[in-house]
Structures are given as structure tokens and as C-alpha cells.
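Engineer: Sequence first, then the predicted structure:
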Amino acid sequence: MPVPETVLVKEKAFAKKKIPIAHKQTRRQQQYFFITAGILFVICFMQIDLSFTQFQAGMARIPSVLEMMMQLSFAELPELASEMVVSLVTAFLSLVLSILFAVVLSFLAARNTTPNKYFGMLLRFLFMIIRAIPATVWVLIAVASIGFGTMAGVLGLIFPTLSYLVKSFSAQIEEVGQETIEALQSVGATWWHIVFRGLIPTLLTSFLAITAFRFEMNVAESVILGMVGAGGIGLLIQGYISFYDFSSLSLGIIMVFITMFTLEFMTNQIRRRMSH
């Protein structure tokens with residue numbers, strides 16, 4: 001039986017009509033987001049005192065600065081290598097000391113393993129406050145308390161490292177599910193048995209992957225915090241910048257880059273092997 005011509009016309013019109021994929025409310029929210037972001041960008045741009053004359057002058061000096069930075073000086077290589085080791089040691093010590101507390105505190109803060117939900121809420125709120133304070137402020141407080149040096153860097157890095165580990169570990173613990181914990185409780189396991197014999201062996205791989213990534217972050221932060229008195233290679237780089245010693249500065253930047261690139265490659269390999 002032949003198909004009526006009106007039906008064919010309707011089918012062709014329907015085929016040409018575009019079917020919207022996104023929901024109307026979703027599209028409206030996206031429009032509001034971009035409009036708000038644009039307005040905030042304009043407001044922020046107007047609040048900053050930008051000098052285009054200074055910007056043009058700075059851009060004109062870039063070729064000469066790059067030329068000076070290309071003239072590498074290896075006279076400071078031993079001192080740079082020694083201070084790079086100090087930055088690595090600072091990052092490692094702060095990480096190890098943080099892990100000793102973070103493992104237990106993360107189980108106390110996680111919603112499915114905390115002995116008391118109000119105590120868990122208090123811990124999560126406390127570490128949220130610690131994360132809200134930049135690591136630079138913690139190091140400055142440590143420097144004001146005990147003076148300049150590596151110890152101030154270690155103490156200043158402990159607080160942001162501990163809060164990061166507790167948050168990350170707690171998130172992994174909460175993903176385990178209440179069923180596993182209830183199964184362990186049904187056979188008479190205490191809280192300590194649930195944590196150290198039931199959950200930690202299961203979560204050890206993810207904990208190690210998080211720790212490796214945090215070590216990489218600590219090394220980067222220790223370099224930056226060295227510029228405010230935490231010691232390490234950051235202190236030398238700050239000195240080179242202050243005295244316009246571009247040849248030594250270039251060598252310090254290259255050393256930091258090689259170190260960070262090597263650490264990132266190693267941590268990626270560790271996480272890849274642990275995921276299989």
C-alpha cells in the first residue's frame with residue numbers, strides 16, 4: 001500500500017528538525033554561569049591597577065633578560081644541588097610526620113568509621129579551616145616562632161599536608177561502604193580491628209598512590225616556601241632574583257625542573273603499577 005504524500009513530507013520535516021540534547025534548565029544555568037563569569041572578569045579587571053606603559057616596557061626587556069639567562073654559570077652548581085637535597089628532605093620529613101597522624105585521624109573523621117558523628121564533624125571542620133589557610137602563612141608563622149631554616153619549613157608544611165591527607169584518606173574510606181564495616185562488626189571486631197585488619201589492607205594501595213602524589217606537591221611547595229625563609233633551593237633562587245644573577249638563576253630553574261619532572265615520572269609509574 002503506498003505511503004501518503006503528507007506522511008512523507010512530515011517525516012522529512014522531522015528529520016531536518018534538530019533535536020535539542022541539553023535540557024532547557026541546564027542551558028539556562030550555563031548561560032547564567034557564563035554571564036556571571038563575564039561580569040566578574042570585568043569587575044576584577046577594573047579593580048587591578050594595570051599599567052600598559054609598564055607592560056610594554058617589560059615586554060621590550062624580555063629579549064635581553066632571556067639572553068642573560070641563556071648564559072649559564074655552573075659556579076653555583078654544588079650549592080644548588082645541596083640546597084635541592086634540603087628541599088627534598090623538607091618535603092619528605094613533613095610528609096612522613098603527617099602520615100603518622102593522618103592514618104588514624106582519617107578514620108576518626110570518615111563518616112562511616114568515626115566512633116562519634118559529632119566528633120567526626122568537628123575534625124572535618126577543623127581540617128577545613130587548616131586547608132583554608134595557605135601553606136605560606138603556616139611557614140611564616142613557623143618562621144616567626146622558631147626562626148628561619150629547614151625546621152620552620154618542615155613544621156609549616158605539616159599542617160597543609162596533614163589536612164590534605166586526612167581529606168583524601170577519608171574520601172577513600174567512605175567509598176568502602178557500610179556493608180563491609182557491618183560484616184566485620186557482626187563477627188565481633190572492635191574499632192581497631194576494623195581499621196587496621198579490615199580496612200587498611202584494602203585501602204593501602206590507594207593510600208600509597210595519594211601519598212606519592214602529595215610528596216610531589218610537597219617538593220614543589222618546599223621550593224616556593226624556601227623564598228619566605230623555609231630554606232632549601234628556594235632561598236638561593238630568591239637571592240639570585242634580588243641581585244639579578246640571571247646565569248645562576250637559570251641553572252637553579254633547570255635543576256628544579258629536572259627534579260620535578262623526574263618526581264612526576266616516578267609518581268605516575270607508581271600509581272600506574274598500583275592500579276593494575
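Structural biologist: Alright, I've got the coordinates.
Engineer: what ranges do the helices span in the stretch 51-200 of the chain?
Structural biologist: 52-69, 77-109, 117-132, 135-146, 150-174, 178-186, 191-193, 200-225 (DSSP state H, counting those that start in this stretch).
Engineer: Give me whichever of those is most buried.
Structural biologist: Ranked by mean neighbour count, these are led by helix 150-174 with a mean of 22 (mean count of other C-beta atoms under 10 Å). No exception for glycine: its C-beta is placed from N, CA and C like everyone else's.
Engineer: now that helix: mean pLDDT?
Structural biologist: In this model, helix 150-174 has a mean pLDDT of 88.
Engineer: tell me the angle that helix makes with helix 200-225.
Structural biologist: 140 degrees (axes from the mean of the first three to the mean of the last three C-alpha atoms, to 10 degrees).
Engineer: average pLDDT across the helix or strand encompassing residue 239?
Structural biologist: Using DSSP states H and E, residue 239 sits in helix 233-242. For helix 233-242, mean pLDDT rounds to 85.
Engineer: continuing past that helix, what's the next helix or strand?
Structural biologist: Next along the chain after helix 233-242, with elements defined by DSSP H and E, is helix 246-275.
Engineer: Out of the helices of the stretch 51-200 of the chain, which is closest to residue 270?
Structural biologist: helix 200-225 (4.8 Å; C-beta to C-beta).
Engineer: What helices and strands are in contact with the helix holding residue 239?
Structural biologist: helix 77-109, helix 200-225, helix 246-275 (3 or more C-beta pairs under 8 Å, 6 or more residues apart in numbering; DSSP states H and E).
Engineer: Turn these into a markdown table, including distance to residue 139.
Structural biologist: Shown next, in a markdown table, are the helices and strands packed on helix 233-242 (distance: least, C-beta to C-beta, whole Å):
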| stretch | distance to residue 139 |
| --- | --- |
| helix 77-109 | 10 |
| helix 200-225 | 5 |
| helix 246-275 | 18 |
